[in-house]
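1. Coordinates for the following, if possible.
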Amino acid sequence: MKNDPWNELSPVTIQQLQEEFLDWYDRHKRNLPWRVNTDPYRVWISEIMLQQTRVDTVIDYYYRFMTLFPTIIDLAAAEEAELLKVWEGLGYYSRARNLKAAAQQIVTDYAGQMPGTPEAIASLKGIGPYTTGAIASISFGLPEPAIDGNVMRVVSRLFEITDDIAKASSRKVFDAAMRKIISHDAPGDFNQAMMDLGSSICTPKNPQCPKCPLKNFCQSFQQDQVANYPVKTKKQPPKPLYYLAMAIENEEHEFLLVQRPATGLLAKMWTFPLIEVTQEEYQHYKKAFKSLQATREEQLELLVAEEPDNYEGSPVAAHLPDTVVWQKRHLGEITHVFSHLKWHVLLFYGRAKDCELSLVSEADWVAEADFSQRVFPKPQQKLVALLDKNFGANKDS
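-> Coordinates of the predicted model:
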């Protein structure tokens, strides 16, 4: 890469870039609920929600969250179950837990008011350089860059930066470039303009360069090299994991739910019982128990206590409890991708022989009408939808 091309810009050029860019932002900025004012609490919540999540998805969650927890003090006092419930479906649930922990820090150390220096903001639980920059610039008017994937893409094209944006070590390069060009008069607007430009015009594929307010300053555009930036190595594909999910219903028409451990993936959330199996075992079950959609009455006719005749392996009871009368066919499968894992889940339906099926301490029988009172991760929501798709309107009441 050429040596720090941003340092070759004259003060006049930088001022022109800032003025043209901010003028574009004033005319084209998105109307978003967290931009009504520059309250640091609103900025903080929105930026955490927007991590790995689309803007149009976040808006409804943001309104619900702010209604339940309108202040930092309210968030600090929140019950974890209520907090996770309002976050349900957004994923990356450690974000919600970190929000509460940081709110408690603010109440304890800063009398319930968001601190106003980058160092203090960065000391809060779950707040990294990007969110620090967003809060510091938007709420406190400090010329701190807010650098995410959108901003790195814009800046890499602007200056033909060849540093790999997938590497954490590259961030310092983009930080230096942004500190050179960010407006000191309106740093919050400048950062938000970068966010909007990256999401609407300077997109990963098919960027709309003729419409870009920075095209006269963009080195890759002038050299017809936009397609070569940013430089980014491909991520490793997520590791596949295979599960059997058990929708076990008792005579009271309640389903068995299990709460996951207090730490780790999907901590403290509720799912149908899950049994991890090998890929080979998963494929064997998938073929041996062929799926069939039917009415509830037709499904119940398929309930059997024994393994199917065409199953050529270890007994079903090796994975599925024999205290349950299992349906001959599975209800289908769902997949769900986490950042580093891909779950493949095959759903089985069974009836408990009696309501005394032994429970582990973290399990409970719950009527489907009461599912909304439990916090379900996205895979469990998909499994419930699959259950509903199979039984449809023919469910017992």
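2. Look up how far residue 176 lies from the residue nearest the centre of the chain.
-> The C-alpha lying nearest the average C-alpha coordinate of the chain belongs to residue 91 (C-alpha atoms, centre = their mean; 3.9 Å). Residue 91 sits 33 Å away from residue 176, going by C-beta to C-beta, to the nearest Å. The C-beta positions use only the backbone N, C-alpha and C, and glycine is treated the same way.
3. got it, and residue 105?
-> Taking C-beta to C-beta as the measure, residue 105 falls 30 Å from residue 176.
4. I'd like to know how many residues surround residue 287.
-> Other residues near residue 287 come to 11 when the count uses other C-beta atoms under 10 Å.
5. make that residue 367, sorry
-> 13.
6. so what's it closest to, chain neighbours aside?
-> Closest residue to residue 367 in three dimensions, ignoring its sequence neighbours and counting by C-beta to C-beta, 6 or more residues apart in numbering: residue 254, at 5.0 Å.
7. Spit out the contact partners of that neighbour.
-> For residue 254, the residues meeting the contact criterion (C-beta atoms under 8 Å, 6 or more residues apart in numbering) are 365, 366, 367.
8. Turn the residues you listed into JSON lines, columns for distance to residue 211, secondary structure and pLDDT.
-> Shown next, in JSON lines, are the contacts of residue 254 (distance: C-beta to C-beta, whole Å; DSSP: H, G, I helix; E, B strand; the rest coil; pLDDT from 0 to 100):
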{"residue": "365", "distance to residue 211": "57", "secondary structure": "strand", "pLDDT": "92"}
{"residue": "366", "distance to residue 211": "52", "secondary structure": "strand", "pLDDT": "94"}
{"residue": "367", "distance to residue 211": "54", "secondary structure": "strand", "pLDDT": "94"}
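9. of all the residues you listed, which comes closest to residue 99?
-> Residue 99 lies nearest to residue 366 out of the contacts of residue 254, by C-beta to C-beta, at 27.0 Å.
10. Nearest residue to the closest one in space, please, no chain neighbours.
-> Excluding the flanking residues, the one nearest residue 366 by C-beta to C-beta, 6+ apart is residue 257, at 5.1 Å.
11. Secondary structure element for that neighbour, which one?
-> With elements delineated by DSSP states H and E, residue 257 resides in strand 254-259, which encompasses its position.
12. now the strands for the stretch 201-350 of the chain?
-> All strands of the stretch 201-350 of the chain, identified by DSSP state E, counting those that start in this stretch, fall at 239-249, 254-259, 270-271, 274-277, 303-304, 324-327, 332-337, 341-352.
13. Check whether residue 63 really touches residue 33, as I assumed.
-> Yes: Residue 63 sits in contact with residue 33 when judged by C-beta atoms under 8 Å, with a separation of 6.5 Å.
14. how about residue 194, what does it touch?
-> Taking C-beta under 8 Å, 6+ apart as the definition of contact, the neighbours of residue 194 are 146, 150, 151, 154, 155, 178.
15. Now render those as CSV, adding distance to residue 250.
-> As requested, these are exported to CSV (distance: C-beta to C-beta, whole Å):
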residue, distance to residue 250
146, 52
150, 50
151, 53
154, 56
155, 58
178, 59
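16. what's the closest of those to residue 263?
-> Using C-beta to C-beta, the shortest approach to residue 263 within these belongs to residue 146, at 30.3 Å.
17. tally of neighbours for that closest one?
-> Residues lying near residue 146 (other C-beta under 10 Å) number 26.
18. thought it was touching residue 190?
-> No: in this structure, residue 146 is not within contact of residue 190 by C-beta under 8 Å, at 9.3 Å.
19. which residues do these two both contact?
-> With contacts defined as C-beta under 8 Å, 6+ apart, the residues shared by residue 146 and residue 190 are residue 137.
20. how near is residue 59 to residue 92?
-> Counting by C-beta to C-beta, the separation of residue 59 from residue 92 is 17 Å.
21. same question, residue 249
-> Computed as C-beta to C-beta, the residue 249 to residue 92 distance reads 31 Å.
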